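Show me how the following folds:
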Amino acid sequence: MLDLPKGSLSGQAHVLIIIATIATALIIFRLVRARQLRSKYALLWAVVGVTLLALAAFPGVLNTVSDWLDVSYSPTIFLLLAVGFLFLIVIHFSWELSRLENRTRTLAEEIALLKAQLELDGHAGSTSMTGNID
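Predicted coordinates:
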């Protein structure tokens, strides 16, 4: 059995990561093709997938980065990057949600005004018609 450095992943774990990354890429491709995922988000997840694939293909990169940053357990760097990335995603989605809520409220107000205008026009038209008949 190979003696791995402390905190390193086994070869089987790297193969599992590569398979999971490829499967995820295929799912993202299908979602984009079915127009269920916008291309800007697909690009974001493609970058994440390529990064994970690179980390799985070159296991020494994470160890090198942890040595540079003087971190004794290299998966900690990966966890820190993952949490930071997810934090940025949550902020971005919160911004998108707020923007869409404002747009939805504006559209609802515009529809209400248009309905009110139609009712006024319809009511004014019916009274003028009945006035002409008498």
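
Distance from the chain centre to stretch 20-36, please.
Its chain's C-alpha centre and that of stretch 20-36 lie 13 Å apart, by CA atoms, centre = their mean, to the nearest Å.

host element of the residue nearest to residue 57 when sequence neighbours are not counted?
The shortest distance from residue 57 to any non-neighbouring residue, by CB to CB, 6 or more residues apart in numbering, is to residue 18 (7.0 Å). For every residue, glycine as well, the C-beta is placed using N, CA and C. According to DSSP states H and E, residue 18 maps onto helix 11-33.

Only the buried residues of that helix, if you could.
Across helix 11-33, burial judged by 16 or more other CB atoms under 10 Å covers 14, 17, 21, 24, 25, 28, 32.

and which of those residues is nearest residue 64?
residue 14 (15.7 Å; CB to CB).

contacting residues for that closest one?
The neighbours of residue 14, taking CB atoms under 8 Å, 6 or more residues apart in numbering as the test, are 56, 57, 59.

Same check on residue 24?
45, 49.

for stretch 52-69, how far is the first residue from the last?
End-to-end distance of stretch 52-69 (CA to CA, to the nearest Å): 20 Å.

and the longest helix for the protein?
helix 75-133 (DSSP state H).

Which helix or strand contains the residue nearest to the spatial centre of the chain?
Centre of the chain computed as the mean C-alpha position; nearest residue by CA atoms, centre = their mean is residue 41, 5.3 Å away. According to DSSP H and E, residue 41 maps onto helix 39-57.

Name the next helix or strand downstream of that helix, please.
Next along the chain from helix 39-57, counting by DSSP H and E, comes helix 60-68.

what is the rounded mean pLDDT of that next one?
Across helix 60-68, pLDDT averages out at 85.

Equivalent analysis for stretch 114-132, please.
Across stretch 114-132, pLDDT averages out at 75.

Same check on stretch 23-41?
Per-residue pLDDT over stretch 23-41 has a mean of 88.
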